[in-house]
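Asks: output the structure for:
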Amino acid sequence: MDQQSASNNVDIKNTQLEQSLAPTPQNTPINPAPITSTYRPNVTTISEDMETITTPGASGKSNALAGAFTSNPALISMLQGKLGTLVGQSSGYIESLPEPVKRRINGLKYLQSQHAELEGKFQEEVLALEKKYLELYKPLYAKRAQVVVGQYEPTEQEVEAGKKVDEEEQEEEEDKAEEQEKKEQSKNNDDEEATDVKGIPEFWLTALKNHPQIGESITDEDEDVLKHLVDVRMSYMDKPGFKLEFVFDENDYFTDKSLMKTYYYQEHAQGGDFVYDHAEGSKINWKEGKDLTVTVETKKQRHKGTNKTRVVKRTVPADTFFTFFSPPVFPGENEELDEEEAEGLDAKLEADYEMGEEFKDKIIPHAVDYFTGKALEYEDFEGDDDFEDDFYDDEDDSEDDDDEDESDDDDDDDGKQPTKGENAPECKQS
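Replies: Model (predicted):
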């Protein structure tokens, strides 16, 4: 798979560097072994005014060597490549072990390989179970879609069962007699209003806006389109992966009846989990002048010689929910990314995959809970992780208070009226 092979070229930097304290099977230690001898050489104390002795020619040689490196990038690149080949090479530790120990290590490797095979089978069975229950969920999802668009009206039995779900979770039940009285008083008005309402308007728009991460990506213009979103569906494929389908009513923005987003996993599970490979999205057929993924910038340019003006237009990417259908892609085999670009691409890929998982595992199965906001009660969306646990001593607070008092005193001095005999400060205008 070309994209899979390209993904292997993306260098994801490990920001946590660990110092090797002892030889390891895979890495040669960075630091030399500590000196354990009790002998310590006697060195006279070096004073600051000690005379500095420079060996003739030494400084010139070091400067020349530094200049050779700075003026020859190819040499630096070659040395970096040579040093890079040493990473991960055996330090000789395993080879130096006794033969009986090495024999046992090979036995452990066999046990590990058997464990990996069981992990793969476990993940395959989990996927098969998910597919089985998805087929059981589909009739419920289909009826939900009919209710949303107004093609099906829930029965009294279904409505009463739905009420009991909330009543069981509430600590105090509402007064049923009062509720019944209110229903009787507004029955006629409700019946008249109900005839004008079809289904549940803006069901999916409201559900998506109530999801903290997805809601942040929805703009005001996106809302005009998502009002026409009537269903979101998920299905598994024959190969590892899943597909999301967004079904729309007729709208003024694009001609598509549905938009697809497909997530592909690598063919074989690693460590018991399927590994994300890449994603593909539908090409949206925007109507003229309705493309929300770009913004047209208009600039006027004046010719210096003729003093004539011309209008220049260019399109730039816009922030919109619908960039979800244009997922980030891995670079080609001949295209190289620097460290910053690679980290940025990695962050985009991770965010795109996480959003797909949110649709698959949370929004689609629990759409009504996101519509009502109930889902926020059992999700960790309070935002406490955004605050750092920085604690300050009382002394620091008192010092800050003293500084504020001093600044207040200065301000008071500045704002005092001049005493008798004093001249008011002049206000000089430049």
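Asks: what mean pLDDT does stretch 218-227 get?
Replies: Stretch 218-227 comes out with an average pLDDT of 95.
Asks: could you do stretch 198-206 as well?
Replies: Average pLDDT, stretch 198-206: 93.
Asks: check contacts around the nearest residue to Thr219 once chain neighbours are set aside.
Replies: For Thr219, ignoring the flanking residues on the chain, the nearest one in space by CB to CB, 6 or more residues apart in numbering is Thr320 at 5.7 Å. Yep, even glycine has a C-beta here, placed from its N, CA and C like the rest. By CB atoms under 8 Å, 6 or more residues apart in numbering, the contact list for Thr320 reads Ser217, Thr219, Glu221, Asp222, Leu292, Thr293.
Asks: can you list the residues you listed in a markdown table and add neighbour count, secondary structure and distance to Gly373?
Replies: Below are the contacts of Thr320 laid out as a markdown table (neighbours: other CB atoms under 10 Å; DSSP: H, G, I helix; E, B strand; the rest coil; distance: CB to CB, whole Å):
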| residue | neighbour count | secondary structure | distance to Gly373 |
| --- | --- | --- | --- |
| Ser217 | 17 | coil | 19 |
| Thr219 | 15 | coil | 21 |
| Glu221 | 15 | helix | 24 |
| Asp222 | 19 | helix | 20 |
| Leu292 | 20 | coil | 26 |
| Thr293 | 16 | coil | 29 |
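Asks: of the residues you listed, which is the nearest to Ala375?
Replies: Ser217 (17.5 Å; CB to CB).
Asks: quick check: that closest one touching Ala351?
Replies: No. Using CB atoms under 8 Å, Ser217 is not in contact with Ala351, being 9.8 Å away.
Asks: Leu129: which element?
Replies: Using DSSP states H and E, Leu129 sits in helix 99-149.
Asks: for the record, mean pLDDT for that helix?
Replies: Helix 99-149 comes out at a mean pLDDT of 91.
Asks: what of stretch 374-386?
Replies: 63.
Asks: which stretches of the protein have low pLDDT?
Replies: For the chain, residues meeting the criterion pLDDT under 70 lie at 1-74, 77-78, 80-88, 168-195, 268-273, 379-430.
Asks: and the residue lying closest to Leu376 once chain neighbours are set aside, its phi and psi?
Replies: Nearest non-adjacent residue to Leu376, counting by CB to CB, 6+ apart: Asn210, 6.8 Å away. Dihedral pair for Asn210: phi -80, psi -10, per degrees, to the nearest 10.
Asks: just to check, Asn210 is in contact with Glu377?
Replies: No. In this structure, Asn210 is not within contact of Glu377 by CB under 8 Å, at 11.4 Å.
Asks: compare neighbour counts for those two and give me the winner.
Replies: Neighbour totals were compared for Asn210 and Glu377, and Asn210 leads with 19 against 10 (other CB atoms under 10 Å).
Asks: so who does the more buried one touch?
Replies: If you count contacts by CB under 8 Å, 6+ apart, Asn210 has them with Tyr370, Phe371, Gly373, Ala375, Leu376.
Asks: can you report how many residues neighbour the third one?
Replies: For Gly373, the count of nearby residues is 11 (other CB under 10 Å).
Asks: now do Leu244
Replies: Other residues near Leu244 come to 23 when the count uses other CB under 10 Å.
Asks: one more: Pro154?
Replies: Neighbourhood size, Pro154 [other CB under 10 Å]: 13.
Asks: so the closest residue to it other than its chain neighbours versus Gly289, what's the distance?
Replies: Once flanking residues are discounted, Pro154 sits nearest to Val147: 6.3 Å by CB to CB, 6+ apart. Counting by CB to CB, to the nearest Å, the gap from Val147 to Gly289 is 35 Å.
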